[in-house]
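Below is the structure, and that's it, no one-letter string:
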């Protein structure tokens, strides 16, 4: 059973991810980032590497793709919220794609995710 | 400029696609099909072949993936509705994945798409 | 440091792989299998799934592809011969591709690999 | 039937490819280039994009991969030598991978390929 990410880890791990473009998904204990590439080929090259990273972690994204845009949401179904696996996968994806445009303002600040216990009250 | 699929073609081409699991997307001139595989690897093998088919046709899907599920919507942004390219890509995808479970009842009957002119009136 | 596969494991693990088409590479402590698909798309679907399996095991094949043919050689560079990782990857690849034609007679019988110590004497 | 690349095209098209690392394969009317990436993931991202380019051109490479190295040979089986398709695919691959190390000195100068008629005499 995967554990929900403890508050202490949320406070140290989510803000650096927010700086790279990850935002809180409204109404969910989940994070989301949107990459915009130049074309489908470049988006697909990223997705192919992301698939390797996901399978290696045995943790998979909710993701969609329309031509040059890749839209990734991370959460852990097993614990119905963010776990350490989501942080690991987010960091792994951030290492793959330095050249894309990153969409901003597609969600809420991650500060809203930093206290998981209060969210569940 | 890509042309909207004429009614005559809709009436002959959409019903056979409906039999394989394509359904009309409510409120859009678009079709959608949902494949359920055994695991991510099998889903990814399908997506990798679908990416080749899409790039070859120079026509790309709106698609999302969550672990073993691949959810594909086809429409042509260029003409804001179904074109011959969507039919070609749908047929190409149908040739790739004989072993997956196909979701039914995820949309409306394609008969609602068979007269594009009336939809636009 | 990865260990060479012990003789006892070679004798139990290599013959079942030989039955699925793996053969000994002449002059090397390595096994090889050749899949023949119907076209590039089908070969690529297999390779895409094989890439996931390899990355997950953190053990990668020597492989080549020409259109519909995928030719895979497995050995462990770290120990300059067959290790348990090669067996694991061979078994993983065998689970992926039931529909391809498998080339026979492209190498030597695996019985020649069953005693690694004598090979090195 | 695909045509062998005429001498005039060889003289204008092969030298620029040689500058990016393509070399003549000894004894064949073929060109080869070797990319060295940082790891398998990066190599696979390149291969995934190369597969799209190949399928789009309906012309496929002879290629092999060992971990971070991708070794591509281009020739046209149809005409048993270089055709315009090989030039197109070589140029397409060159557009994909600016960050890899390119192996030099793995073949002969392309000047040896610039007069195909004399090669066949």
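Nice, I can see it. As the structure is a prediction and not an experimental result, all values here were calculated from the model.

What is the burial count for residue A:38?
Taking other Cβ atoms under 10 Å in any protein chain shown as the criterion, the count of residues near residue A:38 is 11. Every residue, glycine included, has its C-beta placed from N, CA and C.

Surely it and residue A:68 touch.
Yes - contact status for residue A:38 versus residue A:68: in contact at 6.2 Å, counting by Cβ atoms under 8 Å.

now do the same end-to-end measure for stretch A:56-72.
17 Å (Cα to Cα, to the nearest Å).

likewise stretch A:17-26?
Stretch A:17-26: ends 17 Å apart by Cα to Cα.

One more: stretch A:94-105?
Start-to-end, stretch A:94-105 (Cα to Cα) is 18 Å.

quick one: buried residues of that stretch?
Within stretch A:94-105, the residues that count as buried by 16 or more other Cβ atoms under 10 Å in any protein chain shown are A:94, A:96, A:97, A:100, A:103.

which of the residues you listed lies closest to chain C?
residue A:96 (12.9 Å; Cβ to the nearest Cβ).

Mind listing the strands the helix or strand containing residue A:65 pairs with, and their directions?
Following DSSP states H and E, one finds residue A:65 within strand A:62-66. Applying DSSP bridges to the sheet, strand A:62-66 is found paired with strand A:69-74 (antiparallel), strand B:62-66 (antiparallel).

Taking strand A:62-66 as reference, get the angle to the longest helix along chain A.
Counting by DSSP state H, the longest helix found in chain A is helix A:40-57. With axes from the mean of the first three to the mean of the last three Cα atoms, to 10 degrees applied, the angle from helix A:40-57 to strand A:62-66 works out at 170 degrees.

Tell me the residues on chain A that lie near chain B, please.
Residues of chain A lying near chain B by Cβ under 8 Å from any Cβ of the partner chain: A:40-41, A:44, A:48, A:51, A:54-55, A:60-67.

quick one: which of those is nearest chain C?
Closest to chain C, out of all of the residues of chain A next to chain B and judged by Cβ to the nearest Cβ, is residue A:55, at 4.3 Å.

With adjacent residues omitted, what lies nearest to the closest one?
Excluding the flanking residues, the one nearest residue A:55 by Cβ to Cβ, 6 or more residues apart in numbering or on different chains is residue C:52, at 4.3 Å.

Wait, that neighbour touches residue A:53, no?
No - counting by Cβ under 8 Å, residue C:52 stays clear of residue A:53, with 10.2 Å between them.

Would you mind listing the two of the residues of chain A next to chain B that lie farthest apart?
Using Cβ to Cβ, the pair of these lying farthest apart is A:55 and A:67, separated by 24.2 Å.

show me what contacts residue A:47?
A:63, A:65, A:70 (Cβ atoms under 8 Å, 6 or more residues apart in numbering or on different chains).

Who wins on neighbours among the residues of chain A next to chain B?
residue A:51 (28 neighbours).

can you tell me how far the closest residue to it other than its chain neighbours sits from residue C:16?
Computed as Cβ to Cβ, 6+ apart, the closest residue to residue A:51 that is not its neighbour in sequence is residue B:44, at 5.4 Å. As judged by Cβ to Cβ, to the nearest Å, residue B:44 and residue C:16 stand 27 Å apart.

do the same with residue A:97
In terms of Cβ to Cβ, residue A:97 sits 41 Å off from residue C:16.

per-residue pLDDT, residue A:40?
pLDDT, residue A:40: 98.

got it, and residue A:105?
pLDDT, residue A:105: 82.

swap in residue A:82?
In this model, residue A:82 is scored at 97, pLDDT.

low pLDDT regions in chain A?
A:116-121 (pLDDT under 70).

what's near enough to touch the residue of it found nearest chain D?
Across chain A, the shortest distance to chain D (Cβ to the nearest Cβ) belongs to residue A:48, at 3.6 Å. Contact partners of residue A:48, counting by Cβ under 8 Å, 6+ apart, are B:48, C:48, C:51, D:44, D:45, D:48, D:49.

Next, the contact list for the closest residue in space to residue A:46 that isn't next to it in sequence, please.
The shortest distance from residue A:46 to any non-neighbouring residue, by Cβ to Cβ, 6+ apart, is to residue A:97 (5.0 Å). Contacts for residue A:97 (Cβ under 8 Å, 6+ apart) come out as A:35, A:37, A:46.

wait, doesn't the second one sit right on residue A:65?
Spelled out, that is residue A:37. No - between residue A:37 and residue A:65 there is no contact under Cβ under 8 Å: 9.8 Å.

where do the helices sit along chain A?
Going by DSSP H, chain A shows helices at A:7-19, A:40-57, A:84-94, A:116-120.

Nearest to residue B:29, out of those helices?
Among these, the nearest to residue B:29 by Cβ to Cβ is helix A:40-57 (22.1 Å).

angle of the closest one against helix A:84-94?
Going by the same axes, to 10 degrees, helix A:40-57 makes 150 degrees with helix A:84-94.

how far is helix A:40-57 from where the chain is centred?
14 Å (Cα atoms, centre = their mean, to the nearest Å).

OK, contacts around the closest residue in space to residue A:92 that isn't next to it in sequence?
Excluding its sequence neighbours, the residue lying closest to residue A:92 (Cβ to Cβ, 6+ apart) is residue A:53, at 4.2 Å. Taking Cβ under 8 Å, 6+ apart, we find residue A:53 in contact with A:89, A:92, A:93, A:96, D:41.

any idea how far the first one is from residue A:74?
Spelled out, it's residue A:89. 6 Å.

And residue A:39, by the same measure?
Residue A:39 is 25 Å from residue A:74, by Cβ to Cβ.

Could you verify my assumption that residue A:92 touches residue A:57?
Yes - shown here, residue A:92 and residue A:57 form a contact pair, counting by Cβ under 8 Å, at 7.0 Å.
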